[in-house]
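J.: predicted coordinates and the sequence they were generated for:
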Amino acid sequence: MNFQSRPEGGAREAKLRYLPGDYLVLSPGSFVRCAVSGQAIPLDDLRYWSAEVQEPYASADIAFGRYEQLKAEGRV
């Protein structure tokens, strides 16, 4: 699967507004894409995101690495 393709079954990508500890669904769908890896993350499995930069992450390791990068750039 490439970055633009849909996961099997024709699932739609959701559009979310990330809040501290929660998110709002702006456009319904069943998954979002990790901002770093491009991996599809089913909404039921979404646990990590940044409200400051509005990005979802596939894992804690990816989220921490991105936080360190953003901190070094002075964005968080």
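T.: That came through fine.
J.: so what's the most centrally placed residue in the chain up against?
T.: Central residue of the chain (CA atoms, centre = their mean): Pro56, 1.9 Å from the mean position. Taking CB atoms under 8 Å, 6 or more residues apart in numbering, we find Pro56 in contact with 16, 18, 32-35, 41, 46, 48-49. From N, CA and C alone the C-beta is placed, and that goes for glycine too.
J.: try it again at 10 Å.
T.: By CB atoms under 10 Å, 6 or more residues apart in numbering, the contact set of Pro56 is 14, 16, 18, 23, 31-36, 39, 41, 43, 46-50, 62-63.
J.: same check on Ala58?
T.: Counting by CB under 10 Å, 6+ apart, Ala58 has contacts 32-41, 45-48.
J.: need the nearest residue in space to it, chain neighbours excluded.
T.: Cys34 (3.9 Å; CB to CB, 6 or more residues apart in numbering).
J.: columns distance to Lys71, pLDDT and neighbour count on top of the contacts of Ala58, output as TSV?
T.: TSV is the format used below for those (distance: CB to CB, whole Å; pLDDT from 0 to 100; neighbours: other CB atoms under 10 Å):
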residue	distance to Lys71	pLDDT	neighbour count
Val32	23	98	23
Arg33	23	98	17
Cys34	19	98	20
Ala35	16	98	17
Val36	15	98	17
Ser37	19	98	13
Gly38	22	98	12
Gln39	23	98	16
Ala40	27	98	20
Ile41	23	98	20
Asp45	26	98	10
Leu46	22	98	18
Arg47	20	98	12
Tyr48	16	98	19
